[in-house]
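**Q** Predicted coordinates and the sequence they were generated for:
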Amino acid sequence: MKEKLVIIGNGMAPGRALEKLFETDPDRYDVVIFNAEPRVNYDRIMLSPVLSGEKSFDDIVIHGDAWYIQHGITLYKGCKVEAIDRVKKTVTSVNGITESYDKLVIATGSVPFIIPVPGANLAGVVTYRDLDDVNTMMIAAKARGRAVVIGGGLLGLEAAAGLNEQGMDVTVVHVMPTLMERQLDPAAGYLLGQSMKSRGVKVLTAANTKQILGEKRVSGVELADGTVLPADLVVMAVGIRPNGALGKSADLAVNRGIVVDAQMRTSDPSIYALGECVEVNGATFGLVAPLYDMANVLAAQLCGDEKATFTPVATATRLKVTGINLYSAGDFAEGDDREEIVLRDATAGVYKRLILREDKIIGTVLYGDTGDGPWFYDMLKRNVDTREMRDTLIFGQNYQGGAPLDPTAAVAALPDEAEICGCNGICKSKITGAITAKGLTTLDDVRAHTKASASCGSCTGLVEKLLLLTLGDSYNPSAVQPMCKCTDLGHDDVRRLIVAKELKSIPQLMQELEWKTSCGCAKCRPALNYYMIATWPGEYEDDGQSRFINERVHANIQKDGTYSVVPRMWGGMTSPNELRAIADVADKFKIPAVKVTGGQRIDLLGVKKEDLPGVWADLNAAGMVSGAAYAKGLRTVKTCVGSDWCRFGTQDSTGLGIRLEKFMWGSWTPAKVKMAVSGCPRNCAEATCKDVGVICVDSGYDIAFAGAAGLDIKGTEALCHADTEDETIEIIAALTQLYREQGRYLERMYKWLKRVGMDSIKAAIVTDVDKRRHYYDRFVYSQKFAQIDPWEERVNGKDAHEFAAMAEFGVPQAAE
Amino acid sequence: MDDWVEIGRIEQIPRRGARCVKTAAGPIAVFRTMEDKVFAIEDRCPHKGGPLSQGIVHGAQVTCPLHNWVFSLETGEAQGADEGRVRTVPLQVVDGRIFMAAQAMLAAAE
């Protein structure tokens, strides 16, 4: 019989402990988790990039639902535990769930400190602790009003920068004379203040909050000196304190936090605690590295290894505000027994300070240029005697021993135990070891296997250098991404930044994202044009000059420079009238070839470019529109005759195909999208090799997607079953919209699926009906601007210059 | 040698686009860049004969619509790994009016 392990709290520390536990002894426990937040485990450190819009919540999830399922964990979401019964060994949640335990872990984290001033409980006063706080702030920021952030520490400044990025007018009120005084000395604090001001954030230091003003909602903040700051939002970020309430009510030993020993044991032998809620030897902890150390110790304890103990070490701090580099570690107070080395470069905004005691580094503060932070920190931890290099120490690792080393060599020179990833406590040898042992070749691989650079990402450069060092020339970082040679950014980054920075034109994007070429290239421009159209329907004006010729003139260029024209035939159905019009057009314009396509329609081949508007006019007159046979968009919906005619047909496959095509035509997608609907599992419409295929069955509609029958041949994969036509259409439209928002330009659906995984797609489209509806609504909205026949527009004169020569000159224009 | 033939005005060509001029020497593509510079090259890719006037214009370069060869509009040289060149045709622009070198518009003298 397995032991039962109950964990109260689902933050990063218990998450890490469980990972370790499952690595060592996966079958030892039945695990039950109570999470007061209604969600899975996410990377709390990365809330700031979510607030600033640089990342989405999905980007910072550490363990998705699948992880809990795979490990057989019972996770109660949104279930706050209110009581522990140590005699019966049970815990009970506010909503009445009781679970018994053999071992209990308390990981209730911390609570934000609220300064006890009048008005602190008004609506519009928020703390900065979890995703709900971030969502509240982001909603408040939509109104673009004024925000006051109380607290100029790490969290307060990240909140201020994020709100500023979201368009709010932000003032930081800090009680101490300089910012981040716990991590920075006054000089670096001053530089940080200047950087914040240059971004438009106002900073008031030595400012004491007297009260928060407002009737029901906050209207302002009054300082002790009488200054009144108007505010629509007040963020209280003055600090956190351990959340030991549950421990206290269960009569465990609690001081500032729940008291645990170096083995993470509380005063009850069956109960452990870890994370921000604990106190070890009188100290409490708020940064992630020591919490992860605790997690390792706890996991070892739970596996029966009682030797593992937690020893607090100095922790380095970084601020996660894009464009501000600061690094601090250790002790940097002044004192008689200490010496210091300081380097300043005012123009470059660089400040470096090392604090030494008996020739050993005990603290460092770096601002502006933080590249040597890990090197100094490593020497600090290893107690290295620096006498030999004293004269050049402050210049950093590159200047030790003669000529400057290149940055890769500097990383090569780091000792094996040097810490590379501070967030996750990963040292150099662990990364290089994993690269070699597991044959890792990309940054994503290293993140997946070691977690290095997977949290705040500030050590990404170091990890890439380790890849380069370990793999040599076979490591090609560019294989990891760049969209094209015009940028170092990958497709996903560009898409994210288009949304985050609200980039709404290609020139604006190239300016803001520092494109290396003046106007892009034939690779990035069509991609950017698509991303703009997909992101800003109704706002972005299509840039024809950034489209490939086929999409610019709405016909397919052929090898001889003529074009082919394919009108839509909804669901593959046509009529004598349409066929007559096609025949007449072919005669009238002397079109040399007429062919039936694989998508159940008719292709007119060899049309001269100048004849295109005339051909389209005649086809329009017979009621036909462009078949978009040239488009990265919806192509055809192939059907069989279904229950109308076929003796095996189970549903009206033709009718559904026509509905789908009429609903979805005109939409632009990352790559072409071909669909089909078959009336029974005999599958005469060949739906199982399409981007989206529907197989009708007696009970309804089986929806599958991500097939291919081109360069690659691949059957579709099942998405779900729908009972009605309406539901089928909603699911397919939502799926297409998800693809439109996530797919990289020219990435077919089957490659997109391979990249993002079925779980994430099903989570958005199948299991969560609200989410599906959300994508469906967005698709419907974008269709309002997409369903305009491009042929008709051009028949009416749009882009007339495309279809006529600029000038024509007879043969002997200038006789010799 | 100094003969120039007026072919139209710069506004008739879209920025980052091209128009075609039909001549006895074959079609000639006239390009207008983002910065309103104009260039003319023969409208025929040396690779498989693709109409370069139909390509995407970026900087002072064009990408052939058939197989993505890239040419400098200034020199006519193929860029990157591809080798080849297209004939460039001299232009003059006076007050927005574009003039093409007459010599280039003549049928190749045999």
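**A** Okay, I see it. Residues are numbered from 1 along each chain as shown, chains lettered A, B, ... in the order given.

**Q** Now do the buried residues in stretch B:96-103.
**A** The neighbour-count check on stretch B:96-103 (16 or more other CB atoms under 10 Å in any protein chain shown) flags B:98, B:99, B:100, B:101, B:102, B:103 as buried. Every residue, glycine included, has its C-beta placed from N, CA and C.

**Q** Check stretch A:210-224 too.
**A** Applying 16+ other CB under 10 Å to stretch A:210-224 flags A:210, A:212, A:213, A:214, A:218, A:219, A:220, A:221, A:222, A:223 as buried.

**Q** could I get those residues as a markdown table with secondary structure, distance to chain B and pLDDT?
**A** Output for the buried residues of stretch A:210-224, formatted as a markdown table (DSSP: H, G, I helix; E, B strand; the rest coil; distance: CB to the nearest CB, whole Å; pLDDT from 0 to 100):
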| residue | secondary structure | distance to chain B | pLDDT |
| --- | --- | --- | --- |
| A:210 | strand | 56 | 93 |
| A:212 | strand | 52 | 94 |
| A:213 | strand | 52 | 94 |
| A:214 | strand | 52 | 92 |
| A:218 | strand | 48 | 93 |
| A:219 | strand | 49 | 94 |
| A:220 | strand | 48 | 94 |
| A:221 | strand | 49 | 95 |
| A:222 | strand | 53 | 95 |
| A:223 | strand | 51 | 93 |
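
**Q** Which of the buried residues of stretch B:96-103 fall within strands?
**A** B:98, B:99, B:100, B:101 (DSSP state E).

**Q** circling back to that earlier point, for chain A, state which of the buried residues of stretch B:96-103 is nearest.
**A** residue B:102 (4.8 Å; CB to the nearest CB).

**Q** Identify the residue spatially nearest to the closest one, adjacent ones excluded.
**A** Take residue B:102 and drop its neighbours on the chain: the residue closest to it by CB to CB, 6 or more residues apart in numbering or on different chains is residue B:3, 3.6 Å away.

**Q** Residue B:102 versus the residue of the stretch 1-150 of chain A at minimum distance from chain B, what's the distance?
**A** Across the stretch 1-150 of chain A, the shortest distance to chain B (CB to the nearest CB) belongs to residue A:54, at 28.0 Å. Noted for residue A:54: a distance of 57 Å to residue B:102, by CB to CB, to the nearest Å.

**Q** Could you do residue A:305 as well?
**A** From residue A:305 across to residue B:102, the span is 91 Å (CB to CB).

**Q** Walk me through the domains of chain A.
**A** A:3-110+A:242-302, A:125-238, A:491-547, A:551-631, A:634-786 (automatic domain parsing).

**Q** where does the nearest residue to residue B:89 once chain neighbours are set aside land in three-state SS?
**A** Once flanking residues are discounted, residue B:89 sits nearest to residue B:40: 3.8 Å by CB to CB, 6+ apart. Taking DSSP: H, G, I helix; E, B strand; the rest coil as the rule, one finds residue B:40 in the strand state.

**Q** Enumerate every residue touching residue B:40.
**A** B:21, B:28, B:29, B:30, B:31, B:88, B:89, B:90, B:91, B:100, B:104 (CB atoms under 8 Å, 6 or more residues apart in numbering or on different chains).

**Q** can you tell me the residue of the stretch 501-650 of chain A closest to chain B?
**A** Taking CB to the nearest CB, the stretch 501-650 of chain A has residue A:522 as its residue nearest chain B, at 3.5 Å.

**Q** Next up, identify which helix or strand that residue is on.
**A** Assigned by DSSP states H and E, residue A:522 belongs to no helix or strand.

**Q** so it makes contact with residue B:55?
**A** Yes. Under the criterion of CB atoms under 8 Å, residue A:522 makes contact with residue B:55 at 7.2 Å.

**Q** what is in contact with these two at once?
**A** residue B:63.

**Q** More neighbours: these two, which one.
**A** Taking other CB atoms under 10 Å in any protein chain shown, residue A:522 and residue B:55 do not tie; residue B:55 has more neighbours (26 against 20).

**Q** Quick one: residues contacting the more buried one.
**A** So residue B:55 contacts A:522, A:549, B:18, B:62, B:63, B:64, B:65 (CB under 8 Å, 6+ apart).

**Q** now residue A:59
**A** Counted by CB under 8 Å, 6+ apart, residue A:59 has contacts A:46, A:49, A:50.

**Q** and which of the contacts of residue B:55 is nearest residue A:725?
**A** Residue A:725 lies nearest to residue A:549 out of the contacts of residue B:55, by CB to CB, at 37.4 Å.

**Q** Please name the residues that touch the closest one.
**A** Contacts of residue A:549 by CB under 8 Å, 6+ apart are A:557, B:54, B:55, B:56, B:65.

**Q** Include distance to residue A:323, secondary structure and pLDDT when you put these into TSV, please.
**A** Shown next, in TSV, are the contacts of residue A:549 (distance: CB to CB, whole Å; DSSP: H, G, I helix; E, B strand; the rest coil; pLDDT from 0 to 100):
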residue	distance to residue A:323	secondary structure	pLDDT
A:557	44	strand	93
B:54	42	helix	95
B:55	38	coil	95
B:56	33	strand	95
B:65	40	coil	92
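
**Q** and chain A, which residues reach chain B?
**A** Counting by CB under 8 Å from any CB of the partner chain, chain A comes close to chain B at A:517-522, A:525-526, A:544-550, A:553, A:557, A:559-561, A:801, A:805-814, A:816.

**Q** Counting only strands, which of these make the cut?
**A** A:557, A:807, A:808.

**Q** Selection in PyMOL covering whichever of those are buried, please.
**A** The buried residues among those can be selected in PyMOL (16+ other CB under 10 Å) with this line:
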select buried, chain A and resi 557+807
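
**Q** In the stretch 651-800 of chain A, what residue lies closest to chain B?
**A** Closest point on the stretch 651-800 of chain A to chain B, by CB to the nearest CB, is residue A:799, at 8.4 Å.

**Q** Tell me the pLDDT of the residue nearest to that residue when sequence neighbours are not counted.
**A** In space, and not counting its chain neighbours, residue A:799 is closest to residue A:544: 6.6 Å by CB to CB, 6+ apart. On the pLDDT scale, residue A:544 is placed at 93.

**Q** what's the answer for residue A:322, then?
**A** Confidence at residue A:322, expressed as pLDDT, is 66.

**Q** go on, the one 4 residues further on?
**A** With respect to pLDDT, residue A:326 has a value of 84.

**Q** Let me know how buried it is, in neighbour terms.
**A** Neighbours around residue A:326, by other CB under 10 Å: 25.

**Q** Bridging across strands, which residues link to it?
**A** residue A:367 (DSSP bridges).

**Q** same check, this time on the one 4 residues further on
**A** Legend: beta-bridge partners of residue A:330 under DSSP bridges are residue A:363.

**Q** which residues does it contact?
**A** Counted by CB under 8 Å, 6+ apart, residue A:330 has contacts A:314, A:355, A:361, A:362, A:363, A:364, A:377, A:380.

**Q** The fifth one touches residue A:381, doesn't it?
**A** No. Between residue A:363 and residue A:381 there is no contact, the gap being 11.9 Å when judged by CB under 8 Å.

**Q** More neighbours: which of these two?
**A** Legend: neighbour count by other CB under 10 Å for residue A:363 and residue A:381, higher for residue A:363 (22 against 17).

**Q** Sweet, I'm off.
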